[in-house]
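**Student:** The amino acid sequence is not available; the structure is as follows:
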């Protein structure tokens, strides 16, 4: 109905990466975020798999949005998502068997990533295909970025390496707890703390500026 | 006797050592979302455990009768079973206890996308548990989920009273608390290492 100016598409694309980052701001999709980020490579593969499933399902849901009856929409989304996850699972098994083995059940668990279902319900089912894909790509990149941040930090601290390359030499005593489950919780908590602090600083800064202007 | 040992091993393993929430990171959304109040947390835990038990039964049936013929349908059939069980539980709770229904709110239908349940079905399949082992695994996993939820709710109720600084309030503090809780649960790791759990 409304012609979408190009900057609207760009806007949908960009908002997912930073301002509405699914992990750091909306705190969605926590399970894979914490479970597979014990090394950077796992985080990257997981992020990319989620990105492709998200884009494919958003495309299909947006395309079919006028045919899906309201009452069964959630189950329809789930079946669509499950189909694409099955595809992603087989593709990963064929291309990167080592990483696939390490991620194990978490590839299949992309189905129940609340981020994907959330985007279908909140965005793809109400918007034209072009916007839905832009939104999905943005959110997917934001998710991958967050996973990569967390994965890199935990791998650097926990095993003293990044993508498997040794960073600090043999003298480094690895901080093992960081690659174990508790490290995931604590590291993400610290990152969120940092985000809150930045937001608080910015709010204080703005308030002071307004005061000076007045 | 060794049969019983295996079952106890599976139960303790899924309840404490490999707690679904604190060491597999499954079911974190309700863990952070519903852990504000003790009673609601406990009841959501029970509802989830119930869905887990039903799912475990259905997953065993599917694994035995349907999936050998069509392995690529695994994920889709599991999720459909879970979705219908949740629908059923939702109707039952709405009928039996409208107050609880309101308290759980959106988190009741969201049990469908609770990764702990799909995770349970998948782990059960990949480890080749039979009917009884699967049931014990579901009870242990559900119990562990409830335990983690209740512990967290208790801690959060306590923390509300102690007025933390505004920056740490909300998810950040919950996450760090969960980290400490998970650290404590790691202490159980040595419990069953020798028993093949």
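**Tutor:** In hand now; what should we look at? Since the model is a prediction, treat every value here as computed from it, not as a measurement. Residues are numbered from 1 along each chain as shown, chains lettered A, B, ... in the order given.
**Student:** touching chain B at all, the longest helix along chain A?
**Tutor:** Using DSSP state H, we find that the single longest helix of chain A is helix A:181-213. Yes - judged by C-beta under 8 Å from any C-beta of the partner chain, helix A:181-213 comes into contact with chain B through A:181-186, A:188-190, A:192-193, A:196-197, A:200. For the C-beta atoms, the positions are set from N, CA and C on the backbone; glycine is no exception.
**Student:** Just the buried ones from those, in ChimeraX syntax?
**Tutor:** With 16 or more other C-beta atoms under 10 Å in any protein chain shown as the burial test, the buried ones among the residues of helix A:181-213 next to chain B are selected in ChimeraX as follows:
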select /A:181,182,183,184,185,186,188,189,192,193,196
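**Student:** Need the residues of helix A:181-213 next to chain B in TSV (columns: pLDDT and distance to residue B:74).
**Tutor:** Formatted as TSV, the entries for those read as follows, by pLDDT from 0 to 100; distance: C-beta to C-beta, whole Å:
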residue	pLDDT	distance to residue B:74
A:181	85	26
A:182	87	32
A:183	88	32
A:184	88	27
A:185	89	30
A:186	89	34
A:188	88	30
A:189	88	35
A:190	89	37
A:192	86	35
A:193	88	40
A:196	83	41
A:197	86	44
A:200	85	47
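**Student:** Leaving out sequence neighbours, find the closest residue to the residue nearest the centre of chain A.
**Tutor:** For chain A, the residue whose C-alpha lies nearest the mean C-alpha position (C-alpha atoms, centre = their mean) is residue A:143; its distance is 1.8 Å. For residue A:143, ignoring the flanking residues on the chain, the nearest one in space by C-beta to C-beta, 6 or more residues apart in numbering or on different chains is residue A:22 at 5.0 Å.
**Student:** Surely the one you found is within a helix?
**Tutor:** No - the assignment for residue A:22 (DSSP: H, G, I helix; E, B strand; the rest coil) gives coil, which keeps it out of a helix.
**Student:** Tell me if I'm right that it and residue A:141 touch.
**Tutor:** No - assessed by C-beta atoms under 8 Å, residue A:22 is found out of contact with residue A:141, at 10.0 Å.
**Student:** So which of these two has more stuff around it?
**Tutor:** When residue A:22 is set against residue A:141 and neighbours are counted by other C-beta atoms under 10 Å in any protein chain shown, the residue ahead is residue A:22, at 29 against 21.
**Student:** How about the contacts made by that one?
**Tutor:** Applying C-beta atoms under 8 Å, 6 or more residues apart in numbering or on different chains, one finds that residue A:22 lies in contact with A:16, A:28-29, A:115, A:139, A:142-143, A:146.
**Student:** The nearest residue in space to residue A:150 that is not next to it in sequence: what secondary structure?
**Tutor:** Computed as C-beta to C-beta, 6+ apart, the closest residue to residue A:150 that is not its neighbour in sequence is residue A:37, at 4.3 Å. Look at residue A:37: counting by three-state DSSP, its state is coil.
**Student:** Could I get the phi/psi values of residue A:37?
**Tutor:** The phi and psi values for residue A:37, taken as degrees, to the nearest 10, are phi -90, psi 30.
**Student:** Next one: it, what pLDDT does it get?
**Tutor:** We have a pLDDT of 85 for residue A:37.
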